[in-house]
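Engineer: Show me how the following folds:
(2 chains)
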Protein chains: 2
Amino acid sequence: MGFWKSLFNGSGSASSQAVISANGLGYQVEDATSNSQSGVKSRILFSKERELDLYELEELCDAVGWSRRPLRKVRKAIQHSFLVISMWEQRGNYRRLIGFSRATSDHAFNATIWDVVVHPDFQGRGLGRALMKEIIRELRNQDISNITLFADPHVVNFYRDLGFSPDPEGIKGMFWYPNSR
Amino acid sequence: MGFWKSLFNGSGSASSQAVISANGLGYQVEDATSNSQSGVKSRILFSKERELDLYELEELCDAVGWSRRPLRKVRKAIQHSFLVISMWEQRGNYRRLIGFSRATSDHAFNATIWDVVVHPDFQGRGLGRALMKEIIRELRNQDISNITLFADPHVVNFYRDLGFSPDPEGIKGMFWYPNSR
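Structural biologist: Modelled structure (predicted):
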């Protein structure tokens, strides 16, 4: 796969919601909102490229209020993630990072999705869902059967709608806390 | 680190429970039970070596009733795990695989522990706890701050006693099921 995976034109559709539909190439996102605002066509792109501008990624994470993390460690985490998916808005020649997600994996059975983020300016249009569908599709393509994540309480229903079950058969997600024992 | 990490002599202690105590080298496991049965000293060893006999590992997993998995995928999963810890009983020149665990990670922030198994013949002696302490210690040594796992209902208390919290701050472990959406 090349740098840019799913490259779709903004359509000028009347809907202000992103229209998402599965097709042979991926997920089509027709983002008419920004199109109508500026008159410049916008496209939503997905990429698996890991050579991200870490300052741009930090800015995205800042925008959703995440704690800052050392860029050296962020770089290492990205390098050693099994899959990295970034989401971009392209408007003319200008490309903006608007979403991100990554997954760790044993490359065989299990994957765990971390750091799912969509810029607040682009939330509420189905783009988080499109990003998640992209990462699930990629993991399934790589024959990963067990896709897991840890969801904050306010996004449990978001992930449930995507096909994730909380505590299936009583299985509990657990976190270790230093010095607790 | 060499092949064999924590090499301790069986002591002949009167206790039939493994005596586990932290020290500079790792966790000391004095396994007096098997010692007293045969008269041959036994030692419990931990290893990070990945070149395991996969048939021996399969036998261990069979013993606890796990479904068989293709050895090709097991090999791949071990290769791409961040950390693999195996636990062995050495009795004279005979070395037996009695426990196993591994973790996936981004090498920076997060790790997830999978496939924790102790042979039924060696359960109830604190060896599962010793194995887990070994994997936690290794992950902490590698500066991994977020250690996670997914626990079946009957082992939630086992992990709780080791310092793991279920659903901390309402965070839910979730699993994706194919074709659910």
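
Engineer: OK, contacts around the closest residue to chain B within chain A?
Structural biologist: Nearest residue of chain A to chain B: A:Gly173, at 2.1 Å (Cβ to the nearest Cβ). For the C-beta atoms, the positions are set from N, CA and C on the backbone; glycine is no exception. Neighbouring residues of A:Gly173 by Cβ atoms under 8 Å, 6 or more residues apart in numbering or on different chains: A:150, A:167, B:148-150, B:166-167, B:171-174.

Engineer: Next one, pLDDT for it please.
Structural biologist: Note on A:Gly173: pLDDT of 98.

Engineer: same question, A:Val40
Structural biologist: 75.

Engineer: Enumerate every residue touching A:Asp53.
Structural biologist: Counting by Cβ under 8 Å, 6+ apart, A:Asp53 touches A:Leu97.

Engineer: Tell me which residues of the longest helix along chain A come out buried.
Structural biologist: In chain A, assigned by DSSP state H, the helix with the most residues is helix A:127-141. Residues of helix A:127-141 classed as buried: A:127-139 (neighbour count, 16 or more other Cβ atoms under 10 Å in any protein chain shown).

Engineer: Let's have the residues you listed in CSV, adding distance to chain B.
Structural biologist: As requested, the buried residues of helix A:127-141 are arranged in CSV below (distance: Cβ to the nearest Cβ, whole Å):
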residue, distance to chain B
A:Leu127, 17
A:Gly128, 14
A:Arg129, 10
A:Ala130, 13
A:Leu131, 14
A:Met132, 9
A:Lys133, 9
A:Glu134, 14
A:Ile135, 10
A:Ile136, 6
A:Arg137, 11
A:Glu138, 13
A:Leu139, 8
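
Engineer: which one of the residues you listed sits closest to A:Ser47?
Structural biologist: A:Glu134 (9.9 Å; Cβ to Cβ).

Engineer: just how off-centre is stretch A:86-103 within its chain?
Structural biologist: Computed by Cα atoms, centre = their mean, to the nearest Å, the chain-centroid distance of stretch A:86-103 equals 10 Å.

Engineer: hmm, that stretch in reach of chain B?
Structural biologist: Yes - under the criterion of Cβ under 8 Å from any Cβ of the partner chain, chain B is reached by stretch A:86-103 at A:Arg102.

Engineer: Show the end-to-end separation of that stretch, please.
Structural biologist: End-to-end span of stretch A:86-103 (Cα to Cα, to the nearest Å): 12 Å.

Engineer: List phi and psi for the nearest residue to A:Asn146 once chain neighbours are set aside.
Structural biologist: Leaving aside its chain neighbours, A:Asn146 sits nearest to A:Asn110 (4.5 Å; criterion: Cβ to Cβ, 6 or more residues apart in numbering or on different chains). Main-chain torsions, A:Asn110, degrees, to the nearest 10: phi -110, psi 140.
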